[in-house]
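Asker: Just the structure for this:
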Amino acid sequence: MSISGILSAKLPPPIPLTVRRFRQPKKNIPQTKGERDALLMSIRAYVEREKPVPPLSSEELQQHAAQILVETGTDAIHRDYVGVIFSNEIWRETLATIPFEKRLLLMPKCLRIESKCPAPFDEFGLLCKQCGLCTIQDFQNEAERLGYAVLVAEGSAIVMSLIQTGKIEAIVGISCLPVLERTFPYVEAAAIPAVAIPLLQDDCIDTTVDIDWVWDYIHLTSEDKTRRLNLNGLHEEVRGWFTEESLAQLMGEPDGHAEKIGREWLARAGKRWRPFLTTATSQALRTNAEAPLSDDIKKLAIAVECFHKASLIHDDIEDNDAQRYEQAALHTEHGIAIALNVGDLLIGEGYRLIAETSIPAAHKAAMMRIAAEGQRELCRGQGMELAWNQDPQPLTVGQVLEIFRRKTSPAFSVALHIGAAFAGRLDELEEALTNFSEALGIAYQVRDDLNDKDEDNTTDGATPLRPNIIEATARERYKGDLRQGAENCMMLLERYKDQSVRALQDIDNANLKGLLRRIVGKIFNELEIKGWCREFEVKNAPGVV
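Answerer: Sure, this is the predicted structure:
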């Protein structure tokens, strides 16, 4: 939607944009995504309990923010940040009911990389040249695809002019906390739904923002009935199915030595992302997401984890890894022969659980095919890695990513496809879920390499244990500089996370699309990427004036 097309000639002209260079003291925003997401969930629960009715005055917002600080034990220095997030949450449900065509996405020019940005300005703000250097292009393209008006500028006069036309009924904004404080009176006076995603720093140059939150608010719609689904609660429920007692109820008592070890291994530590994905997908496609989960979906989720845990047993043997989950690997504890047998047993258990469900035969057949194809693709990827291990040679970035695609993506694909097959919706969703899974799996493995970058990854000090994306990137692009390789891989991680979200564009079901978008943020919120703004970290260091 064109900004100039919305504005009427009768309205006051917008204030010309002035390019300002100044630094503000850095605000104390929770530094990790995990901390920010945990605080968001606490604020969301507070809003659900208190049910405040917007619009609220500045004084009312401050009172609620103070109460949230007390209840959550959050440092008082985060008060302004808490106030912004609280305001977002009280408007969230109202925003969801407003059509995309009636919304404005307002972004600050400081999201660009100023020293390299080729974009000029006109009277309405920055005119993005689609160079791909920053997130402005991605946010703008997606928002305009949905129907938003998009503005990259500062100044309340422009926004107020748009509101006065009557064609803008809600605002999704990105800004630093100082600007949000100054613009609140204008938003309050307009009394229209407005959410604001705070920048992660207050420097007015080369700033960054929580991309997952922006995507969440841009796509928020009342058509997505899962938007209020408690993903953390659902994840905890899925984890509860993997105690030995719960497994016995759903699978029967273990029979013999091998099954006993298999159950112990199945109950051992794990994040349960794959069974969670199966369960969440089926939930999104149900007509009544509030109804209790059936034993059938629980068995399917356990089957998915059986396949995954079997692959870990075999993988540890093939890679000669002595530990898993910071404990002895199964073959270290029980020997290779027993571990191989237990791995094979778990694969059989997975197929047995699928067969024992009470779902239609056609759906079972589809699930059997999905599991078999996933197992085949995973073994192909592992075969590529094992062949490389026999004669290690430098790998290109593309070759490492292809191994990731074959080794890690299939488990996500199996989980999602089985959830869709359970709902009887596989045919319409299979291709989109495959594309989503491939990008998600690659991002997941890149994240693992980033997390492991400080650990020793060699067998004899020279030969890598496994293909590593940081080493490949450093060698191919930075003459072996691992630090530069890691920094590039941080951007690569964001690229594949973004690609997974883009794959959702081909899904027509609003519930599934919204839920999977949120799951991408949930899966990756544990990674804290440090060093993303070295220039300002140096300038903001203690003792630097």
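
Asker: Which parts of this structure belong to which domain?
Answerer: Structural domains assigned to the chain are 3-221, 231-531, following automatic domain parsing.

Asker: CSV please, covering these and showing mean pLDDT and mean neighbour count.
Answerer: For the C-beta atoms, the positions are set from N, CA and C on the backbone; glycine is no exception. Below are those laid out as CSV (pLDDT from 0 to 100; neighbours: other C-beta atoms under 10 Å):
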stretch, mean pLDDT, mean neighbour count
domain 3-221, 76, 18
domain 231-531, 89, 18
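
Asker: after the longest helix along the chain, next one along is what?
Answerer: If you go by DSSP state H, the chain has its longest helix at helix 361-390. Downstream of helix 361-390, the first helix or strand assigned by DSSP states H and E is helix 397-407.

Asker: Could you quantify the relative orientation of that following helix and helix 361-390 as an angle?
Answerer: Using axes from the mean of the first three to the mean of the last three C-alpha atoms, to 10 degrees, the inter-axis angle of helix 397-407 relative to helix 361-390 is 140 degrees.

Asker: Report all helices and strands that helix 397-407 contacts.
Answerer: helix 361-390, helix 426-451, helix 469-477 (3 or more C-beta pairs under 8 Å, 6 or more residues apart in numbering; DSSP states H and E).

Asker: doesn't residue 171 fall inside a strand?
Answerer: Yes. Checked against DSSP: H, G, I helix; E, B strand; the rest coil, residue 171 lies within a strand.

Asker: Can you give me every residue that contacts it?
Answerer: Each residue near residue 171 by C-beta atoms under 8 Å, 6 or more residues apart in numbering is listed here: 103, 104, 106, 159, 187, 192, 193, 194, 195.

Asker: mind checking the SS state of the closest residue to residue 224 other than its chain neighbours?
Answerer: Spatial nearest neighbour of residue 224, chain neighbours left out: residue 514 (3.4 Å); criterion: C-beta to C-beta, 6 or more residues apart in numbering. Classification of residue 514 by three-state DSSP places it in helix.

Asker: likewise residue 92?
Answerer: The three-state label for residue 92, taken from three-state DSSP, comes out as helix.

Asker: How about the contacts made by it?
Answerer: 195, 220.

Asker: One more: the one 10 residues further on?
Answerer: With C-beta under 8 Å, 6+ apart as the criterion, the residues that contact residue 102 are 167, 168, 169, 170.

Asker: rerun at 10 Å
Answerer: The contact partners of residue 102, by C-beta atoms under 10 Å, 6 or more residues apart in numbering, come to 1, 147, 148, 149, 166, 167, 168, 169, 170, 192, 193.

Asker: Please report the distance of residue 238 from residue 328.
Answerer: 26 Å (C-beta to C-beta, to the nearest Å).

Asker: ugh, typo on my part, it should be residue 405
Answerer: Distance from residue 405 to residue 328, by C-beta to C-beta: 30 Å.

Asker: Next SSE downstream of whatever helix or strand residue 314 lives in?
Answerer: Assigned by DSSP H and E, residue 314 belongs to helix 295-319. Sequence order places strand 323-324 as the next helix or strand after helix 295-319, per DSSP H and E.

Asker: Need phi/psi at residue 31.
Answerer: Residue 31 adopts backbone torsions of phi -80, psi -30, taken as degrees, to the nearest 10.

Asker: I appreciate the help and will end here.
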